[in-house]
Structure formats: C-alpha cells, structure tokens
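A.B. asks: Coordinates for the following, if possible.
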Amino acid sequence: MENFIKKNIFRLIISVITFFLGLGAVAFIYLQFNPVPKVTENDFLFVSNKVCTFLQGFPGKSEKISEIKKGKSGYFPSKSWNDYETEDDFLGDWYGKRLRAMKEKSLLKSTNENTEIYRFFWLRSFHHPIFVRIEKRNSKIKLFTKELDGTGSSEPVRILKSKEISLTEEDFLKFLDLINRANFWQMPTSSKMGRDGAQWILEGVKDNRYHIVDRWSPEKGDFREACIYLLKLSGRDVDELKDDLY
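C.D. replies: Numbering: from 1, shown residues only. All right, here's what the predicted structure looks like:
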C-alpha cells in the first residue's frame, strides 16, 4: 500500500511539472509570433473613453526648462533659430514684443510638471497678430486667445479681442493626434524664412521641457493642420479667411 501511494504521488508530481513545462513552451511560441508592443520613454499613452493615442517622439528636440539659457527678450531660448546671436536676438525681440503687448508670459516660466501647454502665435505681414494657447492642468483643459491691433510688421498698441473657453478631453486629444502626425517634438525649430507672408510659431511645454517650431507660411502639411485646428477651436471660421489664411 505504501509503495502504491508513493508511486501515485510521484506520478502526480511528474504530471504537474509536465503541465507547466508545456504551458511555458506554448507561451514562448506564442510570443515569438505575437510580440508584446514596447512602450518606450519617448511614447506616452493618453487614454480616453473615446480616443487613445501616443505622444510620439517626445522628448525629441525639447530641452529641460531648468537648463535653458534665455535670449535677450526673455521669451525664448538663446540661439533658438540660429547660432548667430544677431538673428536670434532680432526674432526673439520681434516675437517677444508682440507677445508682451498681448500680456502673454514666456512659456519658459512654466515649471508645473502637471501642466501641458501649446501656444500658436500667428504673425502675418498684413493682418492682426493672433495667438491661441491651450493648457491642460491635471484634468482641466482651457483655451486662451487674443488678437492685437496693427500687423505683424507694425508696432503693437492694444488688444482688440480676448477669449477664454473650456475644452473637452476629446478636443485636446485630437490636437495631440495632429502634432503626432507632424512629429512636432522631433521637428527642427526653423527652416527657410521669407517676406510678405506669415510666421507660424508653435511652442510646446510638457514635463518641464520646452520646444519651439517656427515656419514661414506653410502651404500644406500636418504642422499647418495642427495650427489651423487651434484656430478652429478658438472659434474662428477658417473657411471665411480664404486668402488671408497664409
């Protein structure tokens, strides 16, 4: 009887070991053909009951705000656009003077790690300067926009329009999807510049890191679409702008 019990216990142990070895082999084979997708430190997942998207390319070309040396205007990092300080100071002063007239602060002063900010500054040669800024502070998302008198090339005097509205998470996630397509965080700050057009300047702050992209009158592309979407969120009818959307 004792030998019978020992034999059955031995068989049970062998059966359990065989079962788990077989289960491990099946799992190994499955993972070889169905690998688990990797989420790296550069990809941050945003989840909503309606939308799910990855913030691609972050941190990319962004810099830690605490390590940034500010340019003379105080609004932008030193040598944002060029290694030549004369050009850098010129653009920083040009943009900064108008943002200051709009009573906008430098995003380099944003140090709350729970805050994510994007600001589109639209500086056209023959029309009023406009900015649209969206801020996500914890679960609250707001949009701020102002319009200045004068033009992109004339001296600013006063604020003509000002608006503040609340956005939904879906609005915000749709914008993130657009900057994903543009690969905003990996874009170089500047490209070619021209005359009698418009500067499309988009700044971003996330996790105490800052990035700026400046383009001259983009005619197409995902970067343009992301900026236009901010204009739409601010309540502007972009279809009515027609040739003024340059």
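A.B. asks: From here on, just use CA atoms for contacts and neighbour counts.
C.D. replies: OK.
A.B. asks: lowest-pLDDT helix or strand in this protein?
C.D. replies: Across the helices and strands of the chain, the lowest-confidence element by mean pLDDT, DSSP states H and E is strand 44-47, at a mean of 42.
A.B. asks: Just give the closest residue to the spatially most central residue of the chain, not the sequence neighbours.
C.D. replies: Residue closest to the average C-alpha location in the chain (CA atoms, centre = their mean): Gly204, at 5.4 Å. Closest residue in space to Gly204, ignoring its immediate chain neighbours: Tyr118 at 4.5 Å, by CA to CA, 6 or more residues apart in numbering.
A.B. asks: show me what contacts that neighbour?
C.D. replies: 133-135, 202-205 (CA atoms under 8 Å, 6 or more residues apart in numbering).
A.B. asks: Also His128?
C.D. replies: 147-152.
A.B. asks: how close does Gly57 sit to Trp200?
C.D. replies: 21 Å (CA to CA, to the nearest Å).
A.B. asks: ugh, wrong one, I meant Tyr246
C.D. replies: 9 Å.
A.B. asks: Are there residues contacting both of the two? Which ones?
C.D. replies: Counting by CA under 8 Å, 6+ apart, the residues touching both Tyr246 and Trp200 are 217-218.
A.B. asks: Quick check: bridge partners of the residue nearest to Gly204?
C.D. replies: When assigned by DSSP bridges, Tyr118 has beta-bridge partners Ile134, Gly204.
A.B. asks: Also the one 5 residues further on?
C.D. replies: Beta bridges link Leu123 to Gln199 when assigned by DSSP bridges.
A.B. asks: Tell me how many other residues surround it.
C.D. replies: 25 (other CA atoms under 10 Å).
A.B. asks: what residues does stretch 198-213 touch?
C.D. replies: So stretch 198-213 is in contact with 59, 61-66, 80, 107-108, 110-125, 152, 184-185, 187-190, 214-218, 227, 246, going by CA under 8 Å, 6+ apart.
A.B. asks: try it again with 7 Å
C.D. replies: 61-65, 111-113, 115-125, 185, 187-190, 214-217, 246 (CA atoms under 7 Å, 6 or more residues apart in numbering).
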